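Asker: starting from these lines, generate the structure:
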Amino acid sequence: MDGTTTVVVFDFDHTMIEDNSDTWVIEEITECLRQVPMNPRVISAIRKAHSLPRIISDANQFFIETILKQFGLFDCFTEIVTNRSIIEGGRLRIFPYHSSPHGCNLCPPNLCKGLVMEQIQASISEKGKIRMVYLGDGGGDFCPSLKLGEGDHVMPRKDFPLWKRICDNRSIIKAKVYEWSNGEELERILSQLIDTSTV
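Answerer: Numbers count the residues shown, from 1 in each chain. Below you'll find the predicted structure:
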């Protein structure tokens with residue numbers, strides 16, 4: 001290794017879990033969050049991502065924290081950036097992460113993942129050389145992918161919106177691209193990226 005710190009950033013829905021947590025909870029409310037569809041190989045990959053792992057997600061704090069605790073993964077993450085939530089009067093209330101306009105036309109008004117990515121990069125770069133690995137699937141994951149530079153890595157889920165946008169705009173992506181389709185591929189590629197400087 002060259003002394004570089006590898007920082008792994010995960011999206012949540014359709015990346016860490018096999019569904020959209022917001023709609024899944026509504027559809028499966030009788031079972032609540034006890035049987036969330038999370039691939040065991042993704043769990044293994046998360047445990048291996050010991051280098052400052054983070055989550056940036058357009059889901060919400062309550063769902064993410066509850067699911068992570070259910071699988072014993074909450075303490076694996078150094079930071080979770082998502083929409084705030086509180087339980088008030090027996091109801092879950094969700095608030096946007098950004099309370100004021102962020103000025104990005106690639107992202108929804110409640111959360112610009114690219115802006116968050118820049119903040120993470122700035123805070124960690126003070127500690128020395130870093131290598132970012134970003135895993136995602138949705139259209140909202142394109143903006144943070146554009147914030148990655150040479151030497152960084154982006155892992156889009158194949159045949160999902162992020163993968164399609166990267167394929168259509170390959171010339172403006174500076175990071176190395178490693179597509180994945182399932183938990184087994186995610187674990188294999190991420191493990192290689194963490195353990196070595198190149199795949």
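Asker: which residues are contacting the helix or strand where Ser123 lies?
Answerer: Using DSSP states H and E, Ser123 falls within helix 113-125. Residues outside helix 113-125 that contact it (CB atoms under 8 Å, 6 or more residues apart in numbering) are 5, 7, 9, 52, 54, 56, 58, 79, 81, 97-98, 102, 104, 106-107, 130, 132, 134, 140-141, 143-144, 146-148. (C-beta placed from N, C-alpha, C; glycine too.)
Asker: now it: buried residues?
Answerer: Buried positions in helix 113-125, judged by neighbour count with 16 or more other CB atoms under 10 Å: 113-117, 120-121, 124.
Asker: equivalent analysis for stretch 147-163, please.
Answerer: Quick answer for stretch 147-163 (16+ other CB under 10 Å): 147-148, 152-157, 160-163.
Asker: how long is it end to end?
Answerer: Across stretch 147-163, the terminal residues are separated by 16 Å (CA to CA, to the nearest Å).
Asker: ok, stretch 156-174 next?
Answerer: Stretch 156-174: ends 14 Å apart by CA to CA.
Asker: distance from it to the middle of the chain?
Answerer: The chain centre lies 15 Å from the centre of stretch 156-174; the measure is CA atoms, centre = their mean, to the nearest Å.
Asker: name the single longest strand found in this structure.
Answerer: For the chain, the longest strand by residue count, based on DSSP state E, is strand 79-88.
Asker: what's the angle from it to helix 113-125?
Answerer: Strand 79-88 runs at 120 degrees relative to helix 113-125, counting by axes from the mean of the first three to the mean of the last three CA atoms, to 10 degrees.
Asker: sheet partners, orientation included, of strand 79-88?
Answerer: Using DSSP bridges, strand 79-88 pairs in its sheet with strand 54-60 (parallel), strand 91-95 (antiparallel).
Asker: between those strands, which one is closest to Ile43.
Answerer: When those are compared by CB to CB, strand 54-60 sits nearest Ile43, at 14.1 Å.
Asker: just the CA atoms of that closest one, as CSV, please.
Answerer: Provided in CSV are the C-alpha atoms of strand 54-60 (Å, rounded to 0.1, in the frame of the first residue of the first chain):
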residue,chain,number,x,y,z
ARG,A,54,-20.0,6.4,5.4
ILE,A,55,-23.6,6.4,4.1
ILE,A,56,-25.1,9.1,1.9
SER,A,57,-28.8,8.3,1.3
ASP,A,58,-32.0,9.9,0.2
ALA,A,59,-33.9,7.6,2.6
ASN,A,60,-34.3,8.7,6.2
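Asker: residues of the longest strand of the chain that come out buried?
Answerer: Across strand 79-88, burial judged by 16+ other CB under 10 Å covers 80-83, 85.
Asker: that older thread, quick one: the helix holding Ser123 to chain centroid distance?
Answerer: Worked out by CA atoms, centre = their mean, helix 113-125 lies 13 Å from the chain centre.
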